[in-house]
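[1] Okay, structure incoming, though there's no sequence with it:
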């Protein structure tokens, strides 16, 4: 009698686990395809990214405005590209270190 109840409980448990597994597969599949659909436009445009545009230093003027935004100004037509302040600070630090090292006397060790 006890053996039969244990077998009956184990069979019900197996059926319940099988149903839960099937539902979890369906939910997993739905979430995967939803994610693919959501990011499809980004994934498709990722392959079509443009290559960086190279310009000569003599064709542009580099400036930093009062808000530390970095600006690249074209000399021929005056159009400019405005970039974030963190980029401006990084480039300003590079230029400052470069200028500072040019004016520092050479240090010799004894």
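    Arrived safely. All of these numbers come straight from a predicted model, not from anything done at the bench.

[2] Where do the strands of this structure begin and end?
    For the chain, applying DSSP state E gives strands covering 60-64, 70-74, 80-83.

[3] and residue 15, which of these is closest to it?
    strand 80-83 (61.7 Å; Cβ to Cβ). The way it works is simple: take the backbone N, C-alpha and C, and place the C-beta from them, glycine included.

[4] Off-centre distance for that closest one?
    21 Å (Cα atoms, centre = their mean, to the nearest Å).

[5] Please name every helix or strand in contact with that strand.
    If you count contacts as 3 or more Cβ pairs under 8 Å, 6 or more residues apart in numbering; DSSP states H and E, strand 80-83 packs onto strand 70-74.

[6] Give me the helices and strands touching the strand it packs on, please.
    So strand 70-74, by 3+ Cβ pairs under 8 Å, 6+ apart, packs with strand 60-64, strand 80-83, helix 85-103.

[7] Tell me what angle that strand forms with helix 85-103.
    Orientation check (axes from the mean of the first three to the mean of the last three Cα atoms, to 10 degrees): strand 70-74 against helix 85-103 gives 80 degrees.

[8] Buried residues in strand 70-74, which are they?
    70, 72 (16 or more other Cβ atoms under 10 Å).

[9] partners of it in the sheet?
    Sheet pairing for strand 70-74, assigned by DSSP bridges, gives strand 60-64 (antiparallel), strand 80-83 (antiparallel).

[10] what would those look like in a markdown table with distance to residue 46 and mean pLDDT?
    Formatted as a markdown table, the strands paired with strand 70-74 follow (distance: least, Cβ to Cβ, whole Å; pLDDT from 0 to 100):
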| stretch | distance to residue 46 | mean pLDDT |
| --- | --- | --- |
| strand 60-64 | 28 | 83 |
| strand 80-83 | 22 | 85 |
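
[11] wait, which of those strands is closest to residue 3?
    Using Cβ to Cβ, the strands paired with strand 70-74 put strand 80-83 closest to residue 3, at 76.4 Å.

[12] Understood, closing this out.
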